[in-house]
Every structure is written in C-alpha cells, then in structure tokens.
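# Predicted structure and sequence below. I'll ask about it afterward.
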Amino acid sequence: MRLSRYFLPVLKDSPKEAEIVSHKLMLRAGMIKQQAAGSYSWLPLGYKVLEKVVRIVEEEQNRSGAIELKMPTLQSADLWRESGRYDAYGEEMLRLKDRHKRDMLYGPTNEEMITDIFRTFVHSYRDLPLNLYHVQWKFRDEVRPRFGTMRSREFLMKDAYSFDLDFAGAQQAFYRMFVAYLRTFYRMGLVGIPMRADSGPIGGDMSYEFHVLADTGESAVFLDADLVHKPIPPIDIDFRSDLTPIFKDWTSLYAATDEMVDEAEFRAKVPADKQLSARGIEVGHIFYFGTKYSDPMKATVTGADGKEVTVHMGSYGIGPTRLVPAIIEASHDDNGIIWPVSVAPFEVELINLKAGDHDTDFACDKLYDALQDAGLDTLYDDRDQPAGAKFATADLIGIPYQLILGPRGLKEGNAEIKHRKTGERETLPVAAAVDRLKALIEPERRNTV
RNA sequence: CGGAGUAUAGCGCAGCCUGGUAGCGCACCUGCUUCGGGAGCAGGGGGUCGCGUGUUCGAAUCACGCUACUCCGACCA
C-alpha cells in the first residue's frame, strides 16, 4: 500500500477525551474514531489489525474443532422469555420494537439463539460433541463505557458454545477451549494467563478468565511468575486426545484476580521469589454452565440407551475489539505502538527518504515490488515529507520493521533496516534487504508454532 | 446511578473574571526554498463560540434550563 494513496489520519496531539495510552495511540495512529459514548468506527489501519486478530481467533477455534457460523445481531425477545433472561437481564440489554411492535433486542450474547439452533437440528448423542461459534457485534448498554474500545458498548465478540452428553464430555470441551485460548493469545504476542474466576451459582472449577498483564489493567492479579514464560501447547497438539494433563499443569500454578484471591493462600503456595502482583486486562472467559439453558429451552438428545438427555453446555468468549488495545497496552513506548508481527497492520514500512528524487524513487519502487512479491505486507511511505515526519509516523503506527532508503545510503548501494521493538539498526546492501526481512518476519508470524 | 469536570476551526488550546461581534499552534490550499528524526519563508481558506431561553442598545463572555462527552466509584468480553 502506498501511503500517499492510503487513508491514515494520524494526529500529533491526542484528543483530550483519551486517558489511557492505548486509547491515545489508537486515536493518534488513525485507527479509530469515536462516534458516541462507547461507539467507534474502525478506520482502515485499525480495521486491518482487528481483522488479523479475528483471523487468529478463528484459526485456533477451528483447529480445536469448533465450527464457525453467523447469527444475527437483532434477536426476538421470545427466545429470551423462554430462558427467563428477558426480564432478568436488566438495563444493559438494548431493547427495541420492530414495525409490528414486536419486542426485539440487540444481542448482548447468544446462548438462547444457539440453543434454539441446536435443539432444532441435533437429536442424537452421535452428533456430539459439538462446538459452534461466531464472531459478531454485540451491544451492552454499559453504565459507563470507557478507555476507547477497551470497554465499549458496541464490541466484537467471538462466542463459542459447546454441547455435550454429560459432565465428563463438557469438561473435555472446556479443556479444548482452554488450550485453544492459550494458543490464541500467544500467537498475538501476548501472555494470556488463565485465572480461576467466580463461577456463580453453578459452582465447580470450570470458570476461567484469561488476563493479559499490563500496568493499566483494570483488575489486580496475583500469580506465580513461572506462568509468564510457560511454554504453550504446540500447533500439532491433538485436540481429540485427553487434555486434562495440560489443564492440570497450567492450573497447578497459582493465579487469581483480586475478586478471587486469597492472599494467605497466595503467599503460602507460591515461593516468595515467584510471587507476582500485577495488573491484568481480561481478554477472554471460558465457562461451563451445565443445563442452565438446555433445560428450560428443552435442548435434548437421545442417548445410546434410547433415553432423552438434556445436554451440558459451556460458553467461551474472546473480545477482539478489546484485544487490540490490550496488545497496545502490553507493547508500546514513548514514540508509539510496537506491533507484534502477527497482528501488525503491515509487516514492513518502506521509507523513501527523498520522494521526488529520481534515483531514490526508482530504487524504492523496485524494492516495493520485490517486497510484495516476497509476500511481505508492506506500507510504502512515498509521501513528499521530511525524513523526520516519516520516521515519527512509522514509529507511531508501530510497523515492526522499517526499511529505510535515501540518497546517502543509495550511493553506497545500501539500505537500512530498523527494528521497531529494539531500535536496532542494520545497514545492508539494497539487494539483500528483502531476503533479510523475510528471514526476520516469517518466524515472528507465529502461524506455525 | 452517585461524585467531579469539560464543551470556541479537523486536533490541541487562549479569549470569558472586567459584555463591544473571535485568536494562536498543528493540520489544510498556493508558490519558492529545503530534505537522515514531526522543515523555512510568503500568501490563503475554514468557526451560527454544544443547544435553548432570558438580561442588555449589544452576549463566546452574565443568568437559568437542557444536551453531549470525559474522569473517579459500584458492574462487565
């Protein structure tokens, strides 16, 4: 993409409504525009990141055996009356009426609808286990939306729903999502740490929140520091095998949010030099809720013995529109965002230091073609701007690698690569630049780990 | 929903106290000169001062009402 032809409205000053760093940087980098309280447009650069985040989520869901579909945003109130939640949900649910004065609502979640789909089509234990998910816009009329897209009223959520014959099956479904989530966050360059969460009236230990560590996190978290560097399950993990050992391995180390923490237990169970008190952003939540919806909505299958069985369900959420700011909170510096390659809007920013100079333009154009041919997602800053302005923009929008080309280096036949994360610079022959970037970038895509 | 604030050009702000019809920086347009860390000079365009009512000869400025947005708290992917 040529920057001169792109839509990238960067700002020098951050709008005063933004308080936290990710919100400021998303506004300054031209990623989002606020439309109302808790309501944002995703501009091209931001949307590109959001899409990459969603793709990773989908890949890992699919890998774990979940199946994608798409449900509507507007739902009929009838389903919610069946489950009893229409009255229970409260002001957070946006209620509306259609032209026939029928009660509708903008979906804050989809347990009822997915259960309705399930009961319509699935009637035999042979069709289980089943996990259906979608990535869809949700609306929750929060009392106080804040922090940009971190807590917005309209937000994107991946919500998966598992159906099993019994508790043991549901447990394995839960573990599959547990593993998929570990991998999902890792692939985005994050450490997503599972923490025991309140499972409400259901009880049991089948509710985990995944938190990303960041200074600006909304909850205080207490964990064993070994969790931060714990190796994640590899790409070839067999999701049809018993995943209990992985779950037990991860959950044997202490990790809890301020709501669940028992500080005495924390100090007793975790060695002093491993006790980590930090702040976390909740980016995912997995939850087993048994027959809470299948029972009132009569989602049953016929078992092997010919008897009717009410299915056990779980739901599993990830918020991509929250993940984007969470990644920024976890990875930025004074100059701007530092994207991990796997979610970066572009992998390389080619900087032409003297646009308009014949030789430099010629060399850059050639490089730009070569970068694209090599499969590298490239933003080409071909604008007629001073070098400083280009560097500042590149740092702000956080492209992982800058390929810098100017008349000075070109005289020697050299280009320069700047690593956004470390600030490291390397000078190399122009002809070697593309191969070098490929070698740097491909492993960091984390699509084969 | 309780508490605290803000609203003047796309963004950041001044002007308001002490009413006289709006200004600065960045951004934008034109020209020239520049060009390795947010360039310089010259010229130019853009605002019913959030909305309404009132006071006044006259309101961005004073009074009252409303709305929107932000922050802190209780709640949530």
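Sure thing, it's come through.

# Next up, the contacts around A:Met82.
Heads up, residue A:82 is Glu, not Met. Residues counted as contacts of A:Glu82 (C-beta atoms under 8 Å, 6 or more residues apart in numbering) are A:112, A:296-297. Heads up, the C-betas are built off the backbone N, CA and C, glycines and all.

# what do you get for A:Val348?
The contact partners of A:Val348, by C-beta under 8 Å, 6+ apart, come to A:371, A:376-379, A:399-403, A:437, A:441.

# Format the residues you listed as TSV; extra columns: distance to RNA strand B and pLDDT.
Listed next are these as TSV, based on distance: C-beta to the nearest atom of the strand, whole Å; pLDDT from 0 to 100:
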residue	distance to RNA strand B	pLDDT
A:Leu371	17	98
A:Leu376	20	98
A:Asp377	21	98
A:Thr378	18	98
A:Leu379	14	98
A:Ile399	12	98
A:Pro400	14	98
A:Tyr401	12	98
A:Gln402	7	98
A:Leu403	10	98
A:Leu437	16	98
A:Ile441	19	98
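
# can you list the residues of the stretch 201-350 of chain A near RNA strand B?
Residues of the stretch 201-350 of chain A lying close to RNA strand B by C-beta under 7 Å from any atom of the strand are A:209, A:218-219, A:282-285, A:317-319, A:321-322, A:335.

# May I ask which of these has the most neighbours?
Using other C-beta atoms under 10 Å as the neighbour criterion, A:Ile318 leads those with 30 neighbours.

# Show the buried residues in the contacts of A:Val348.
The neighbour-count criterion (16 or more other C-beta atoms under 10 Å) marks A:371, A:376-379, A:399-403, A:437, A:441 among the contacts of A:Val348 as buried.

# Next step: the residues you listed restricted to helices.
A:371, A:437, A:441 (DSSP state H).

# What separation is there between the residue lying closest to the last one once chain neighbours are set aside and RNA strand B?
Looking back up the chat, that one is A:Ile441. The shortest distance from A:Ile441 to any non-neighbouring residue, by C-beta to C-beta, 6 or more residues apart in numbering, is to A:Glu347 (5.2 Å). Look at A:Glu347 and RNA strand B: by C-beta to the nearest atom of the strand, to the nearest Å, they are 18 Å apart.

# Which neighbouring residues are in contact with A:Glu347, exactly?
Counting by C-beta under 8 Å, 6+ apart, A:Glu347 has contacts A:341, A:376-378, A:399-401, A:437, A:441.

# With distance to A:Arg102 added, can I get the buried ones among the contacts of A:Val348 in CSV?
Putting the buried ones among the contacts of A:Val348 into CSV (distance: C-beta to C-beta, whole Å) gives the following:
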residue, distance to A:Arg102
A:Leu371, 54
A:Leu376, 51
A:Asp377, 46
A:Thr378, 50
A:Leu379, 48
A:Ile399, 49
A:Pro400, 50
A:Tyr401, 54
A:Gln402, 55
A:Leu403, 57
A:Leu437, 56
A:Ile441, 52
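
# mind listing which of the residues you listed are in strands?
A:378-379, A:401-403 (DSSP state E).

# Tell me the pLDDT of A:Glu92.
Per-residue pLDDT puts A:Glu92 at 89.

# and what of A:Ala220?
88.

# CA atoms only for the helix or strand containing it - export them in CSV, please.
Following DSSP states H and E, one finds A:Ala220 within strand A:219-224. Below are the C-alpha coordinates for strand A:219-224, written out as CSV (Å, rounded to 0.1, in the frame of the first residue of the first chain):
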residue,chain,number,x,y,z
SER,A,219,-8.0,-5.8,37.8
ALA,A,220,-5.2,-6.6,40.2
VAL,A,221,-3.9,-10.1,39.7
PHE,A,222,-1.7,-12.4,41.8
LEU,A,223,0.2,-15.1,40.2
ASP,A,224,3.2,-17.4,40.1
